[in-house]
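Visitor: here is my input, please return the structure:
(2 chains)
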Amino acid sequence: MKKTIAVVGSSNHSDSNMVFRLAALGYPILLADEKWECIRNSILSKHPQASVEMLQCSHECAWQADLILLYLSDEYKDLLDKIKTVVTGKLVINVVNHFLENEVQQLLPFSKVVHANIDLTPEVVSFTVRGENNQAVEQALLLFDEIGFKSNRSSASQS
Amino acid sequence: MFDVLHKHITSKVSLTPQEWEFITTQCIPKKIRKKQYLLQAGDKAEFFTFVNKGCLRSYTVDDAGEEHVVQFAIEGWWIGDLSAFLTNEHASYNIDALEDTEVLMMERDAQERIIERVPMYERYLRLLLQGNYVAMHRRLVSAISTTAEEKYLRMQKQYPDIMQRVPQHMIASYLGLKPETLSRIRKKIASDK
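Guide: Below is the predicted model:
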């Protein structure tokens, strides 16, 4: 059974590649921010069978999900506070803002936080993954492998 | 979010506030919509799940595509493919939601961490497993030694809440009866009153 993925936070077109690929592979995707609306439309026009749904708030998205992708912006503290109670024990991948590495884990102390630094060159997408929980890092690596991101495990930063 | 679980555990064992706080950090909260799966046969049975709100059922599907309900679970019940969970094998049951449902899921490692930090939790688990064994044994005896009508009346007496919330064809499946047999029994009981 495919895990349900919540996409929490804002988006711009350049960083939606991962969501697009996950939806194409059949992962049910829940979106909370209206800025994702045009990406949702774009996914559904290319993959009509994809399950991509807009919900009313981040809290609800994160509660229904097994795995959370964080696209953090300046209002990240409010956002993390909203989802904190419903992401306990869940894998949370901080996709965009790797400057906040320590803070995200502190603000979500009971989640398995992983930071993915993704290099979005047009032809090959590569990434490094960092996190305190080895099992969570491994889960994130498997997910990235599955969607075709180039994982160079030897150079991936894991702890 | 944790009130029902707290009530359930403390009805069986005592906990300190610190122990309870730790348990809440080991539970994965999840909302499941009606008809959505919590587990599918063939998945790794990673979780044992407590129902906070709503209703779930576990069932198998035979080669002819017929569903056989193994268990229902409403508020305050645990559900999972217990044998697959305990042996770290793939699930042979499907579990889906019969209503919009809120659950707390616990991984095997989380259970172990709790047992390490909260000694009374092991007693709680033992009491749960004892209850499960007794219920399974009673169900087995009932399946091989009672009439269809007796099975139905016993279920009605034991689980009146479930009888109100679950479709009749699923109750028939749980009791190992054809839906038309259950319908006949219900008519007979109604006319006997």
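Visitor: okay, residue 155: pLDDT?
Guide: You didn't say which chain, so I picked chain A. Residue A:155 is assigned 38 on the pLDDT scale.
Visitor: oops, I was thinking of chain B
Guide: Listed pLDDT for residue B:155 reads 93.
Visitor: show the contacting residues for it.
Guide: By C-beta atoms under 8 Å, 6 or more residues apart in numbering or on different chains, the residues touching residue B:155 are B:162, B:163, B:171, B:174, B:175. No exception for glycine: its C-beta is placed from N, CA and C like everyone else's.
Visitor: from chain A, how far off is it?
Guide: 30 Å (C-beta to the nearest C-beta, to the nearest Å).
Visitor: what about that residue, helix or strand, and which?
Guide: Under the criterion of DSSP states H and E, residue B:155 resides in helix B:148-158.
Visitor: buried set for that helix?
Guide: By neighbour count on 16 or more other C-beta atoms under 10 Å in any protein chain shown, the buried set for helix B:148-158 is B:148, B:149, B:151, B:152, B:155.
Visitor: which helix runs longest in chain B?
Guide: The residue-count maximum for a helix in chain B (DSSP state H) belongs to helix B:119-145.
Visitor: with chain A instead?
Guide: helix A:134-146.
Visitor: need the contact partners of the helix or strand that the helix holding residue B:155 is followed by.
Guide: Where DSSP H and E defines the elements, the next helix or strand beyond helix B:148-158 is helix B:160-165. Residues from elsewhere that reach helix B:160-165 (C-beta under 8 Å, 6+ apart): B:55, B:72, B:74, B:98, B:99, B:155, B:156, B:171.
Visitor: residue B:8 sits in which helix or strand?
Guide: helix B:3-10.
Visitor: do residue B:70 as well
Guide: In this assignment (DSSP H and E), residue B:70 forms part of strand B:67-74.
Visitor: which other helices and strands does that strand contact?
Guide: Other helices and strands packing on strand B:67-74, by 3 or more C-beta pairs under 8 Å, 6 or more residues apart in numbering or on different chains; DSSP states H and E, are strand B:47-53, strand B:55-61, helix B:160-165, helix B:168-175.
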